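Can you look at this prediction? I've put the sequence above it.
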Amino acid sequence: MLKNKKGFTMIEMIIVISIIALLLLLIIPNINEKQKMINLKGCEALKETINSQIYLYEIKHNKLPTSTSDLVKEGFIKDEQTKCKNNLSIVIENGQAKIK
């Protein structure tokens, strides 16, 4: 006597797992690439923020800061704002913030 068992066969499970694995292989590199772009855009935004703080420092002290440490000492930026999340530093050259 054959009983009607409900469930998935081994072949069906292998097909579903293969499709999921294929989708992950296609999605994960794209996420990694987007993360790099997000970090770069964030670094650019931080640079522009520091440029605006340079302008405020110049208004207050009537001179340009020579380094980001001048801005940190005066409280215009925090120490963590001198580096981006992707470990690039922001330095001041000729009165402008630059990513190094």
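Happy to help now that I have it.

now that we're looking at the most centrally placed residue in the chain, how far away is residue 85 from it?
By CA atoms, centre = their mean, the chain has its centre lying nearest to residue 39, at 2.4 Å. According to CB to CB, to the nearest Å, residue 39 and residue 85 sit 5 Å apart. Glycine gets a C-beta too; all of them are placed from N, C-alpha and C.

now do residue 44
Distance check for residue 44 against residue 85: by CB to CB, it reads 12 Å.

repeat for residue 12
Distance of residue 12 to residue 85, computed by CB to CB: 43 Å.

More neighbours: those two, which one.
Remark: of residue 12 and residue 85, residue 85 carries more neighbours, 13 against 10, as counted by other CB atoms under 10 Å.

residues touching the more buried one, list them.
39, 42, 43 (CB atoms under 8 Å, 6 or more residues apart in numbering).

Show me which of those is closest to residue 31.
Relative to residue 31, the closest of the contacts of residue 85 is residue 39; by CB to CB it sits at 12.8 Å.

The closest one and residue 83 touch, don't they?
No: the pair formed by residue 39 and residue 83 falls short of the contact definition of CB atoms under 8 Å, at 11.6 Å.

Need the nearest residue in space to the residue nearest to the centre of the chain, chain neighbours excluded.
The shortest distance from residue 39 to any non-neighbouring residue, by CB to CB, 6 or more residues apart in numbering, is to residue 86 (4.3 Å).
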